[in-house]
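Chemist: test case, fold it:
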Amino acid sequence: MGAPSHRKRSRRGRAPMSEINVTPLVDVMLVLLIIFMVTAPLLNAGVPVDLPDSNAKPLDQTPQAITLTVTGDGLVYLDQKPVDPGTLGARLAALPRGADGKPPLVTLRADKGLEYGVVMGVMGELNHAGFNAISLVTNSSVSAP
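Modeler: Residues are numbered from 1 along each chain as shown. Take a look at the predicted model:
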């Protein structure tokens with residue numbers, strides 16, 4: 001009887017641990033998830049613009065969309081690339097159309113300090129190039145005047 005008890009002790013001492021502790025893995029994954037959730041909205045806006053406020057409901061982001069940004073000093077950016085003055089219409093006409101011939105959806109971001117005529121001029125160029133559905137981007141909702 002002395003031999004079997006000796007065999008049990010030696011196995012218990014040398015046996016590999018059969019349990020895996022997943023708590024550190026879960027902790028790291030949750031931290032990474034939080035980091036990505038915080039930084040993902042910051043990746044959408046590339047050109048800094050002071051957006052006006054609105055109480056409209058937000059629209060869904062679509063993959064076939066272009067972003068047109070007008071800064072406070074009147075510079076125009078097409079998907080974060082600057083557009084030379086007078087070439088916006090040609091750049092818009094050169095954009096690829098969808099399989100059904102429809103133009104991509106346009107998201108217009110304009111600084112709230114701009115004059116009305118500047119924004120309307122950009123929207124007129126969009127309309128002339130065949131972009132009739134334009135989404136205007138604003139900040140959080142406010143009450144109507």
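Chemist: how near is Met120 to Ala129?
Modeler: Per C-beta to C-beta, to the nearest Å, Met120 is found 15 Å from Ala129. For the C-beta atoms, the positions are set from N, CA and C on the backbone; glycine is no exception.
Chemist: please say which of the two ends up with more neighbours.
Modeler: Ala129 (18 against 11; other C-beta atoms under 10 Å).
Chemist: okay, the more buried one: pLDDT?
Modeler: As predicted, Ala129 sits at a pLDDT of 83.
Chemist: go ahead and confirm it touches Ala93.
Modeler: Yes: using C-beta atoms under 8 Å, Ala129 makes contact with Ala93 at a distance of 5.1 Å.
Chemist: can I assume Tyr77 sits in a helix?
Modeler: No: the assignment for Tyr77 (DSSP: H, G, I helix; E, B strand; the rest coil) gives strand, which keeps it out of a helix.
Chemist: now the protein, which segments are flagged as low pLDDT?
Modeler: The model of the chain has pLDDT under 70 over residues 1-15, 42-46, 59-63, 99, 140-145.
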